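Colleague: quick one, what's the 3D model for this:
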Amino acid sequence: MRASELGIDDIGAAVETGAVPPGDRIDELLDAAYHRALTHVEGTVADYIPILAAADPEGFGICVVDVDGGGHEVGDTRHAFSIQSISKAFVYALLCDAVGHEAVFDLVGVNNTGLAFNSVVAIELNDGHPMNPMVNAGALATTALMPGNTAEEKWDAVRTGLSRFAGRELAVDEEVYRSEAATNHRNRAIAQLLESYGRIRTDPLDVVDVYTRQCALLVDAHDLAVMAATLADGGVNPVTGDQVVSADVCRDTLAMLTASGLYERSGEWLFEIGLPGKSGVAGGLITVAPGKVGIGSYAPRLDSAGNSVRGQVATAYLSRALGLNIFASDSHYSGRTHE
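Modeller: A predicted model of the protein is given here:
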């Protein structure tokens, strides 16, 4: 979305290189971001997975968690929904932590495809290389590489790891899982195509099943903010104190999100908002301000690329008003003394 569509033309971009403002100021700006985003009714609820079409299009909540564990939230922040593609970021981090930077770089890749998240063409155009872990092909390859000799062992590693990021035990929404399992024909085709190129070396249908369960894990906006804040704080969950992954893994994951977290709209997101982020088609969105805060939101109306409209609008406001944009700078020339 462009600045004019995000409604931030009137917001000056603050530049903050240190800590975020005090809590009462965050609360004030969060409330302003929420009410700005409420005026946006464009976008549609995802319906290619039947159960997602039942979501209330007016549902909306946004939460900010800082690296000290402080929370700020407004709206439907405790409404549970399925994590969907946001899980890709955290499974990628877990895999990097398990097998290392170079192995994941070689096997999964880091470059944006510029095509839709479920594109088959992108695989063929790149000789079977999934290109990056934020599209479905790369996510399936990532899940296939998770530690474990069986599908159940891999699933346990995924569920346990994502629960540590959230700071609580996460459970699968069985209704969402069944709905997705009955309709995930394209993901099955992608997995089998990756197998034909040697990118998946286990049963591709088992991989799709683990991935489907992964996407059906239930979270809320507060969970997402905690998970994002864990990436912001070098892999330490700011609520539990658990070192979930290393700081180096967080760096790799945030670089990946910066390049590809919002699919083919990642460049627009980076240009306007300037932060690593990841969306999911159930309406979830995470944003990470390294060393500062994690932002989690829920709003199921999506743009044509599958990204939450209200989530983008609210996050754009907070990025500017809180001085979170990692590319923002200001001149200190006027404060210098020159002879």
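Colleague: can you list the helices and strands that the helix or strand Ser87 falls within packs against?
Modeller: Assessed by DSSP states H and E, Ser87 sits inside helix 87-99. The helices and strands touching helix 87-99, judged by 3 or more C-beta pairs under 8 Å, 6 or more residues apart in numbering; DSSP states H and E, are helix 101-107, helix 136-144, helix 151-166, helix 204-215, helix 221-232, helix 247-260. Where C-beta positions appear, they are placed from N, C-alpha and C, glycine not excepted.
Colleague: could you report the pLDDT at the closest residue to Asp252 other than its chain neighbours?
Modeller: Sequence neighbours aside, Cys96 is the residue nearest to Asp252 in space, at 5.4 Å (criterion: C-beta to C-beta, 6 or more residues apart in numbering). Model confidence at Cys96, given as pLDDT, is 93.
Colleague: mind listing what Cys250 touches?
Modeller: Listed by C-beta atoms under 8 Å, 6 or more residues apart in numbering, the contact set of Cys250 reads 93, 231-232, 234-235, 290.
Colleague: which two among those are spaced furthest apart?
Modeller: With distance counted by C-beta to C-beta, no two of the contacts of Cys250 lie farther apart than Ala93 and Pro290, which are 13.8 Å apart.
Colleague: overlap in contacts, these two.
Modeller: Shared contacts of Ala93 and Pro290, defined by C-beta under 8 Å, 6+ apart, are found at 231, 250.
Colleague: between the two, which one's more packed in?
Modeller: More crowded of Ala93 and Pro290, by other C-beta atoms under 10 Å: Ala93, with 30 against 18.
Colleague: that older thread, what comes up buried for the helix holding Ser87?
Modeller: Neighbour-count burial for helix 87-99, counted by 16 or more other C-beta atoms under 10 Å, picks out 87-98.
Colleague: same question, stretch 167-174
Modeller: Across stretch 167-174, burial judged by 16+ other C-beta under 10 Å covers 167, 170, 172-173.
Colleague: before we move on, what about stretch 218-235?
Modeller: Neighbour counts over stretch 218-235 (16+ other C-beta under 10 Å) mark 218-235 as buried.
Colleague: any stretches of the stretch 151-300 of the chain with poor pLDDT?
Modeller: In the predicted model of the stretch 151-300 of the chain, no residue satisfies pLDDT under 70.
Colleague: ok, Ala191 - contacts?
Modeller: Neighbouring residues of Ala191 by C-beta under 8 Å, 6+ apart: 140, 144, 200, 204-205, 207-208.
Colleague: please apply the same query to Gln192.
Modeller: Taking C-beta under 8 Å, 6+ apart, we find Gln192 in contact with Pro204.
Colleague: which SS class is it?
Modeller: In three-state terms, and counting by DSSP: H, G, I helix; E, B strand; the rest coil, Gln192 is helix.
Colleague: then the one 10 residues further on?
Modeller: When the structure is reduced to helix, strand and coil (three-state DSSP), Thr202 reads as coil.
Colleague: I'd assumed Thr143 was in contact with it.
Modeller: No: counting by C-beta atoms under 8 Å, Thr202 stays clear of Thr143, with 10.0 Å between them.
Colleague: among these two, which residue is more densely surrounded?
Modeller: Thr143 (32 against 18).
Colleague: so the residue nearest the centre of the chain is in which element?
Modeller: Geometric centre of the chain, nearest residue: Lys278, 2.4 Å, by C-alpha atoms, centre = their mean. Using DSSP H and E, Lys278 sits within strand 277-279.
Colleague: got a list of contacts for that strand?
Modeller: Outside strand 277-279, the residues that reach it (C-beta under 8 Å, 6+ apart) are 85-86, 88-89, 134, 257, 261-263, 269, 285-288, 306-308, 311, 315.
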